[in-house]
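Q: Give the three-dimensional model of this entry:
(chains A, B, C and D)
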Protein chains: 2
Amino acid sequence: MVPAKLELKTRLREAGLRATSSRLAVLECMTDAQGPLTHADVCDRLKDAGFDRATVYRNLADLTDAGLLRRSDLGDHLWRFELKGDAEHEEHAEGEVHPHFVCTECGAVACLPDGAVTLAAVKGAPRSLKSGKVDIQVRGACNDCG
Amino acid sequence: MVPAKLELKTRLREAGLRATSSRLAVLECMTDAQGPLTHADVCDRLKDAGFDRATVYRNLADLTDAGLLRRSDLGDHLWRFELKGDAEHEEHAEGEVHPHFVCTECGAVACLPDGAVTLAAVKGAPRSLKSGKVDIQVRGACNDCG
DNA sequence: CTGCTCACGCATCCGAGTTGCAATTGCGAC
DNA sequence: GTCGCAATTGCAACTCGGATGCGTGAGCAG
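A: I've put the predicted structure just below:
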């Protein structure tokens, strides 16, 4: 199960943010999420709770700034957010990256296990590749579509 | 450059599209372009000629559908179009993985040497990953931008 | 040349993301 | 416990890229 609400609250406070109910809800939502969620996804999940679109968006932005979330764009025109900071998804060792699998048919996005993709040092490759400051996308058909 | 125009016209017709003046202009624009252009870029270049935003947009979409252009998103929520070279970057032999490096700053697209990226067999990964029917994108800053 | 159809231009809509502002709320200070 | 300030929310309106419906005009086959 997910960390207790209290722990989430602490995480927020440590990040220098007020632990408001909406932020807790957003953070909890992201914690529960399997893969990256779009802004709209999070909005839908929280709309029932009465949180505003703009609020959710601002929360996602705040949490991203605070380093609790990671924001990425996977080739459609939507921001995707995913939890960052617990264990697996943190900054990786040399050559390790956090790859996403993007289904070119249905648009589903999933995180591949770290280690599914490795970067080899190749001469002539951009520096950012060595430093691991890259986002890896594997595009293909998912099991449902392929 | 008159012969060139004629050739462009032929290309359009062969793709099953009418060779209208706007389409010729768009195609010419893309041919002259160095890197990928956004919809807005193309619009600006052609606005003087009196072409409408929507027309340019539809032309870009048509040309993309017809296989003359490639459309991609580099992470900034703008579609970029670039001339699609003859089959160079397209379909590979079965089992081949051909990674691209995409600069999220300037939009440059470079091919990484095969082998720069390694896919490991991981349980739970989509089948298409194993069969190699995937496109690998490495997104980051190129040496000029980073 | 003629007609059918496709494509253009215009206006308009749409949806994601962003912002200004007044009302509300968290939280440290008292 | 409660006070007050500043961060934050909710609302609405706005921006901006992209998409579309429709009447008119242009391409191309016959």
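Q: Determine whether the claim that residue A:118 is in a strand is correct.
A: Yes - counting by DSSP: H, G, I helix; E, B strand; the rest coil, residue A:118 is found in a strand.
Q: and it, how many neighbours?
A: A count of nearby residues for residue A:118, using other CB atoms under 10 Å in any protein chain shown, gives 17. Backbone N, C-alpha and C define where each C-beta goes, glycine included.
Q: residue contacts, the nearest residue to it once chain neighbours are set aside?
A: Spatial nearest neighbour of residue A:118, excluding adjacent residues (CB to CB, 6 or more residues apart in numbering or on different chains): residue B:118 at 4.8 Å. Residues in contact with residue B:118 (CB atoms under 8 Å, 6 or more residues apart in numbering or on different chains) are A:117, A:118, A:119, A:120.
Q: Selecting buried members of those in ChimeraX, what would you type?
A: Here is the ChimeraX selection string for the buried members of these, based on 16 or more other CB atoms under 10 Å in any protein chain shown:
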select /A:117,118,119
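Q: The contacts of residue B:118 into CSV, with extra columns for distance to residue B:46?
A: Output for the contacts of residue B:118, formatted as CSV (distance: CB to CB, whole Å):
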residue, distance to residue B:46
A:117, 40
A:118, 44
A:119, 40
A:120, 43
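Q: now, among the contacts of residue B:118, which is nearest to residue A:48?
A: Using CB to CB, residue A:117 comes nearest to residue A:48 of the contacts of residue B:118, at 37.0 Å.
Q: can you tell me how far the residue of chain A positioned farthest from its centre sits from residue B:116?
A: Largest separation from the mean C-alpha position in chain A: residue A:123, at 30.6 Å (CA atoms, centre = their mean). Shown here: residue A:123 relative to residue B:116, a distance of 10 Å by CB to CB, to the nearest Å.
Q: what do you get for residue A:77?
A: Distance, residue A:77 to residue B:116, using CB to CB: 28 Å.
Q: between those two, which one's more packed in?
A: Per other CB under 10 Å, whichever of residue A:77 and residue B:116 has more neighbours is residue B:116, with 21 against 11.
Q: Skip the chain neighbours and tell me the closest residue to residue A:35.
A: Nearest non-adjacent residue to residue A:35, counting by CB to CB, 6+ apart: residue A:110, 4.8 Å away.
Q: Surely that neighbour is in a strand?
A: Yes - when classified by three-state DSSP, residue A:110 is found to be part of a strand.
Q: That one: how many residues sit nearby?
A: 17.
Q: For it, give me its contacts.
A: Residue A:110 is in contact with A:34, A:35, A:100, A:101, A:142, B:126, counting by CB under 8 Å, 6+ apart.
Q: outside of whichever strand or helix holds residue A:22, which residues touch it?
A: Taking DSSP states H and E as the definition, residue A:22 sits inside helix A:21-32. For helix A:21-32, contacts defined as CB under 8 Å, 6+ apart pick out A:2-3, A:5, A:8-9, A:11-12, A:17, A:37, A:42, A:45-46, A:49, A:51, A:55-56, A:59-60, A:62-63, A:68-69, A:81-83.
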